[in-house]
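Participant: structure of the sequence below:
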Amino acid sequence: MIWVTWRQHRAQLLTTAGFLVVLGLLLLGSATEARSYVSGYFPDGCPAGFAHCGSVEVAVGLGERYDAVYTLFGWMPLVLPALIGAFWGAPLLGREYERGTHRLAWTQSVPVRRWLAVKLGVLGGAVVAGGLLLSLMVSLWRPVFREGVDSGFGNIGVFNMTGVAPAAWWLYAFAAGVFAGTLFRRTLPAMALVVAGVAATMFTLFALSDHYAPPDRAVLSGTVVLDDPDARLVGATWVDPSGRAVDDPAACERGLDTGRSSAKAEAWQDCLFAEGYAYAVTYHPPERFWRFQWTEAGILVAASALLCALTARRVLRRRG
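Facilitator: Numbering: from 1, shown residues only. All right, here's what the predicted structure looks like:
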């Protein structure tokens, strides 16, 4: 059965492996070139990474190099799970039903239960391995540019490309695609459903992720920026001298400064601080990275298990 699974699904396996190889070479080349760039300014290495290079030219140059590559794969947290669900999950049973080959496959010596278990196990394991490999490559690449700046917690896109999140999302998308195939018994409608389902799930968890833990609260004076650049912001509001939260303080005029808009905003903020106002920020510190990773992964793995169970029930009850 494992050999048959490989023969039937080698196109997806080889295409995904080729994509990961190309991405790995791109990241390796980018990191190598960035280190060469830094060594031109600091032959002994950039102390403490991107945030402490000691040269504006080096910092800006690294930022540009980072952005040049990040723009190429910044869409991956959303698109890749949808592609996994559409091209790995949906055809697994949808194509069998559509072509009628399930009648032949399920009348052979291999029981249907074992046939399905091997398919889900082998391909699901390959999907998880691919997601973990993606996470490893991105996690090794980012510190070349971002060491000392952030750990990828505050940036939702990076958060979903590191840790265990890619593997969990890929597994969920795969399970959703397989289940969609049993619903429609055709490949294209199943693909459409899984793409929409993955997108809806992703935006739902984005909205819910701030509630994975109670947020911390900091009251700032003289600044509206937290010291930690990688904290995940939940909300912010002004607090008047009596301690009451106000959405739009009227103590100062926003048009105090006639310069650029950023200067106007700074002047307005300075005026509010001078009047005794404070800026209250609710946030999650970056130390919660793994707590959020495992919480989201747990939700997705549980959903994947439920979808696989529903798939097995439909297949075993309706074999015709």
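Participant: tell me if T237 really is in a strand.
Facilitator: Yes: counting by DSSP: H, G, I helix; E, B strand; the rest coil, one finds T237 located in a strand.
Participant: which residues does it form beta bridges with?
Facilitator: Beta-bridge partners for T237, by DSSP bridges, are A280.
Participant: distance check, A86 against L300.
Facilitator: As judged by C-beta to C-beta, to the nearest Å, A86 and L300 stand 17 Å apart. Heads up, the C-betas are built off the backbone N, CA and C, glycines and all.
Participant: next one: F19
Facilitator: Note on F19: its distance to L300, by C-beta to C-beta, is 21 Å.
Participant: these two - which one has more neighbours?
Facilitator: Neighbours per residue (other C-beta atoms under 10 Å) separate F19 from L300, with L300 holding more: 23 against 15.
Participant: so what pLDDT did the more buried one get?
Facilitator: Per-residue confidence (pLDDT) for L300: 97.
Participant: same thing with V234?
Facilitator: Predicted confidence (pLDDT) for V234: 91.
Participant: burial of it, as a residue count?
Facilitator: As a burial measure, V234 scores 16 neighbours (other C-beta under 10 Å).
Participant: please enumerate the helices of the protein.
Facilitator: Counting by DSSP state H, the chain has helices at residues 2-39, 56-73, 76-84, 90-99, 102-105, 112-141, 143-146, 156-159, 165-184, 187-208, 261-274, 289-317.
Participant: for the last one, packing partners?
Facilitator: If I follow you right, that is helix 289-317. Counting contacts by 3 or more C-beta pairs under 8 Å, 6 or more residues apart in numbering; DSSP states H and E, helix 289-317 packs against helix 112-141, helix 156-159, helix 165-184, helix 187-208.
Participant: any idea which of these is most buried?
Facilitator: Most buried of these, by mean neighbour count (mean count of other C-beta atoms under 10 Å): helix 165-184, with a mean of 26.
Participant: please compute how far it lies from its chain's middle.
Facilitator: Distance of helix 165-184 from its chain centroid, counting by C-alpha atoms, centre = their mean, to the nearest Å, is 16 Å.
Participant: what angle do that helix and helix 76-84 make?
Facilitator: Here helix 165-184 runs at an angle of 30 degrees relative to helix 76-84 (axes from the mean of the first three to the mean of the last three C-alpha atoms, to 10 degrees).
Participant: report the angle between helix 165-184 and helix 112-141.
Facilitator: Counting by the same axes, to 10 degrees, helix 165-184 lies at 150 degrees to helix 112-141.
Participant: low-confidence stretches in this protein?
Facilitator: Low-confidence segments of the chain, defined by pLDDT under 70: 1-9, 41-60, 99-110, 146-151, 254-261, 318-320.
Participant: test my guess that L226 contacts L220.
Facilitator: Yes: between L226 and L220 there is a contact under C-beta atoms under 8 Å: 7.5 Å.
Participant: mind listing the shared neighbours of the two?
Facilitator: V281 (C-beta atoms under 8 Å, 6 or more residues apart in numbering).
Participant: re the thing from before, L316 is nearest to which of the helices and strands packed on helix 289-317?
Facilitator: L316 lies closest to helix 112-141 among these, at 6.4 Å (C-beta to C-beta).
Participant: tell me what that closest one is packed against?
Facilitator: helix 2-39, helix 76-84, helix 165-184, helix 289-317.
Participant: and those, which is most packed in?
Facilitator: helix 165-184 comes out most buried of those by mean count of other C-beta under 10 Å, with a mean of 26.
Participant: okay, now W268: neighbour count?
Facilitator: 17.
Participant: redo the helices of the chain as TSV? Include distance to P215.
Facilitator: Formatted as TSV, these follow (distance: least, C-beta to C-beta, whole Å):
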stretch	distance to P215
helix 2-39	33
helix 56-73	27
helix 76-84	22
helix 90-99	38
helix 102-105	49
helix 112-141	25
helix 143-146	24
helix 156-159	15
helix 165-184	20
helix 187-208	13
helix 261-274	22
helix 289-317	12
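Participant: between its first and last residues, how far does stretch 177-197 reach?
Facilitator: 9 Å (C-alpha to C-alpha, to the nearest Å).
Participant: start the count at 28, not 1, going forward
Facilitator: Right, with 28 as the first residue, what we last looked at is stretch 204-224.
Participant: what's that stretch in contact with?
Facilitator: So stretch 204-224 is contacted by 109, 111-122, 124-125, 147, 200, 203, 334-335, 337-338, 341-342 (C-beta under 8 Å, 6+ apart).
Participant: please repeat the previous calculation with a cut-off of 7 Å.
Facilitator: 109, 112-113, 115-122, 124-125, 147, 200, 203, 334, 337-338, 341-342 (C-beta atoms under 7 Å, 6 or more residues apart in numbering).
Participant: and A263, how many neighbours?
Facilitator: By other C-beta under 10 Å, the residues close to A263 number 14.
Participant: and it, what is it in contact with?
Facilitator: By C-beta under 7 Å, 6+ apart, A263 lies in contact with 306-308.
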